[in-house]
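Engineer: my questions concern the predicted model and sequence given below.
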Amino acid sequence: AAALGGLLPASVLAQKKLVLGFAQVGAESEWRTANTESIKSSAKEAGIELKFSDAQQKQENQIKAIRSYIAQKVDVIAFSPVVESGWETVLREAKAAKIPVVLTDRSVNTKDDSLYVTFMGSDFTEEGRKAGRWLVEKMKDQKGDVNIVELQGTVGSAPAIDRKKGFEEIIKADPKFKIIRSQTGDFTRAKGKEVMEAFLKADGKKINVLYAHNDDMAIGAIQAIEEAGLKPAKDIVIISIDGVKGAFEAMIAGKLNVSVECSPLLGPQLMQAVKDIKDGKTLPKRIVTVESIFPMEVAAKEFPNRKY
Ligand code: AHR
């Protein structure tokens with residue numbers, strides 16, 4: 001802009017588009033697809049130029065993308081970190097280049113919170129607690145053990161760590177709740193199915209509950225349960241997180257008991273933050289998304305209102 005300063009009138013310079021570099025996790029789930037769509041369409045609507053990259057669930061790809069945004073001198077960098085740790089170096093590089101960073105959806109594990117401007121997204125621990133509270137209520141009259149299998153999200157990711165923590169925090173109050181197996185399904189349908197097949201092979205009818213850290217893994221697992229000749233949501237109670245349309249369809253079909261909401265529609269908020277940063281406004285360090293929980297009984301009524 002400085003080089004053009006002498007050539008272009010101030011009114012034209014004032015209209016120069018803000019440039020946002022966004023390093024996305026990947027396309028692992030229905031949730032992520034909706035998140036990408038929200039970011040792309042909101043950028044368009046806000047008149048912000050978006051440079052978008054898909055890291056295919058690999059941290060090194062995300063780091064590369066962030067470095068390229070630094071080299072391109074974008075106005076703001078935003079990203080949803082694949083895993084929680086290992087970001088200090090690249091975030092320091094962004095800070096040294098004076099490029100503000102916004103964390104969306106997932107947070108990073110750092111003691112230095114000057115490395116980012118704000119973190120907007122869900123409270124994953126609370127989502128885990130909601131799942132736990134729903135289960136405790138559902139099983140309140142059950143006398144014997146409740147054997148739970150857990151499909152974890154991506155190893156080392158904030159939602160996998162926090163959803164596990166929040167759920168365990170609630171169920172530990174009653175020793176009848178036992179997590180008998182817990183393994184990652186990497187937030188994908190294919191992996192959710194594969195791991196559930198292994199759980200069923202090992203424990204079969206012993207399994208009373210499946211807790212999946214996202215809807216996609218639950219949907220994959222439902223297939224495995226049906227192929228094993230069992231009835232999902234009846235023989236095995238199924239709890240998952242996100243509230244995507246696929247989950248609502250599964251609930252309406254009577255195959256999923258409950259989905260805890262996690263909204264991917266962060267685009268408008270992110271674009272507002274980009275503008276506010278450029279206008280010199282101070283943003284809160286944490287912006288938490290307000291969310292609900294949808295048991296199968298309300299799915300048909302809620303379905304027409306779902307936006308993702
Ligand atoms: O970080 C949010 C999680 O990532 C969603 O729950 C999951 O579906 C996605 O892949």
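Structural biologist: The structure has been received and is ready for your questions.
Engineer: got a list of what the residue in the stretch 51-200 of the chain positioned nearest to the ligand touches?
Structural biologist: Here the stretch 51-200 of the chain gets closest to the ligand at one residue, residue 187, 3.9 Å apart by Cβ to the nearest ligand atom. Where C-beta positions appear, they are placed from N, C-alpha and C, glycine not excepted. Shown in contact with residue 187 (Cβ atoms under 8 Å, 6 or more residues apart in numbering): 28-29, 32, 153-154, 157, 213-214, 216-217.
Engineer: dump the residues you listed to a markdown table, plus pLDDT, neighbour count and distance to the ligand.
Structural biologist: Compiled in a markdown table, these are given as follows (pLDDT from 0 to 100; neighbours: other Cβ atoms under 10 Å; distance: Cβ to the nearest ligand atom, whole Å):
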| residue | pLDDT | neighbour count | distance to the ligand |
| --- | --- | --- | --- |
| 28 | 98 | 22 | 5 |
| 29 | 98 | 25 | 4 |
| 32 | 98 | 24 | 5 |
| 153 | 98 | 27 | 6 |
| 154 | 98 | 24 | 7 |
| 157 | 97 | 24 | 7 |
| 213 | 98 | 34 | 7 |
| 214 | 98 | 33 | 4 |
| 216 | 98 | 30 | 6 |
| 217 | 98 | 32 | 8 |
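Engineer: three-state assignment of the residue of the stretch 51-200 of the chain closest to the ligand?
Structural biologist: Here residue 187 is coil, with the state taken from DSSP: H, G, I helix; E, B strand; the rest coil.
Engineer: just the pLDDT for it.
Structural biologist: As predicted, residue 187 sits at a pLDDT of 98.
Engineer: just residue 123 next, same as before
Structural biologist: On pLDDT, residue 123 comes in at 98.
Engineer: gap between it and residue 169?
Structural biologist: 13 Å (Cβ to Cβ, to the nearest Å).
Engineer: for the ligand, what are the nearby residues on the stretch 1-150 of the chain?
Structural biologist: 28-29, 31-32, 105-106 (Cβ under 6 Å from any ligand atom).
Engineer: once you drop chain neighbours, what's closest to residue 158?
Structural biologist: residue 106 (4.4 Å; Cβ to Cβ, 6 or more residues apart in numbering).
Engineer: so that neighbour: helix, strand or coil?
Structural biologist: For residue 106, the assignment made with three-state DSSP gives coil.
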